[in-house]
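# Pasted the sequence and its predicted model underneath.
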Amino acid sequence: MIGYYDYTVILTYFSLLSAVTGIVVSLSGGGHPYYGCFFLLFCGFCDAFDGKVARTKQGRTRQEMNFGIQIDSLSDLVAFGVLPACIGTALIRVSPFLTRILEGAPVPWKLASERILLHAVLVLYVLAAMIRLAYYNVTEEERQETEGGVRKTYLGLPVTASALIFPLVLMLQYITKADITVAYLATALLVGVLFITPIQIRKPGMRGVMTLVAVGAVEFLLMLLWKLLIK
């Protein structure tokens with residue numbers, strides 16, 4: 001078989017499997033955005049350690065390293081680009097606030113145009129994520145040729161930040177009865193802009209990574225408790 005299947009890529013494969021499962025779950029039936037977020041958080045967990053696990057293997061060939069870089073970006077596009085967009089689509093489908101607005105559209109073309117506008121935000125979000133990942137790949141390849149070692153800063157918000165940002169937005173539903181769909185779409189628009197904005201962001205060290213993982217674990221547990229005890 002072509003490709004690589006050792007432990008250095010297993011977390012990336014798990015991340016992609018989780019992302020695709022989250023997409024299917026989010027869009028199944030009437031829409032299950034909150035269930036989709038569990039898979040998004042798991043993708044974030046896998047991404048936090050996949051690079052560190054890969055670098056533990058000594059003597060990796062150039063092809064093995066390039067393969068890891070490519071599948072990481074491809075997986076990230078699905079996990080942190082497409083999956084959050086599908087969660088947003090599921091929110092639109094189950095949103096009572098947007099349903100009232102859209103059903104009140106006076107003519108069919110207005111109904112269609114409003115739905116297109118809502119989903120356009122999510123489409124643009126995915127586009128921004130793809131551009132961000134492609135730009136990172138190009139600049140990382142150039143940086144490796146001149147500097148080597150591990151990158152210390154990022155240019156633009158890393159797409160993996162989505163794993164913590166969007167579950168946090170959905171958790172607003174815990175403290176308010178208001179529909180948070182509009183807030184989710186606004187966040188997607190803002191995050192998409194930050195993906196392609198040339199701001200310098202320091203890459204977290206191991207302590208920072210563990211802190212982010214802890215935040216994700218807290219979000220996961222709170223969402224799980226909410227689904228079990230309240231829903």
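Right, received. Where do you want to start?

# Show me where this structure dips below the pLDDT cut-off.
For the chain, applying pLDDT under 70 flags the ranges 96-114, 147-149, 230-231.

# I'd like to check which residues are in contact with the most centrally placed residue in the chain.
Nearest to the geometric centre of the chain sits F80, at 2.0 Å (C-alpha atoms, centre = their mean). With contact taken as C-beta atoms under 8 Å, 6 or more residues apart in numbering, F80 is in contact with L40, C43, G44, D47, A129, V159, T160, A161, S162, A163. For glycine as for every other residue, the C-beta is placed from the backbone atoms N, C-alpha and C.

# The third one should be in a strand, yeah?
This means G44. No: counting by DSSP: H, G, I helix; E, B strand; the rest coil, G44 is not part of a strand but helix.

# Report the contact partners of the residue nearest to it when sequence neighbours are not counted.
Closest residue to G44 apart from its sequence neighbours, by C-beta to C-beta, 6 or more residues apart in numbering: A163 at 2.6 Å. By C-beta under 8 Å, 6+ apart, the contact list for A163 reads L40, L41, C43, G44, F45, D47, A79, F80, G216.

# if you set the cut-off to 7 Å instead, what comes out?
L40, L41, C43, G44, F80, G216 (C-beta atoms under 7 Å, 6 or more residues apart in numbering).

# of all those, which two lie farthest apart?
Greatest spatial distance in the contacts of A163: F80 and G216, 12.8 Å, computed using C-beta to C-beta.

# about what we covered before: pretty sure the residue nearest to G44 is in a strand, no?
No: looking at A163 with three-state DSSP, it is helix, so not inside a strand.

# buried residues in the longest helix that the chain contains?
Using DSSP state H, we find that the single longest helix of the chain is helix 108-146. Residues L118, V121, L122, Y125, V126, A128, A129, M130, R132, L133, Y136 are the ones in helix 108-146 that count as buried (16 or more other C-beta atoms under 10 Å).

# other SSEs contacting it?
When contacts are defined as 3 or more C-beta pairs under 7 Å, 6 or more residues apart in numbering; DSSP states H and E, helix 108-146 sits against helix 62-76, helix 83-94, helix 96-103, helix 181-195.

# any idea which of the ones you listed is most buried?
Greatest average neighbour count among these goes to helix 83-94 (a mean of 24), per mean count of other C-beta atoms under 10 Å.

# Which residues does it contact?
Contacts of helix 83-94 (C-beta under 7 Å, 6+ apart): 19, 22-23, 26-27, 30-33, 36-37, 39-40, 98, 118-119, 122, 125-126, 162, 166, 181, 184-185, 188.

# on that earlier part again, going by distance to V150, which of the contacts of A163 wins?
For these, with V150 as the reference and C-beta to C-beta as the criterion, the closest is G44, at 19.6 Å.

# Surely that closest one is in contact with A214?
No: assessed by C-beta atoms under 7 Å, G44 is found out of contact with A214, at 11.9 Å.

# Tell me which of those two has more neighbours.
Neighbour totals were compared for G44 and A214, and G44 leads with 26 against 10 (other C-beta atoms under 10 Å).
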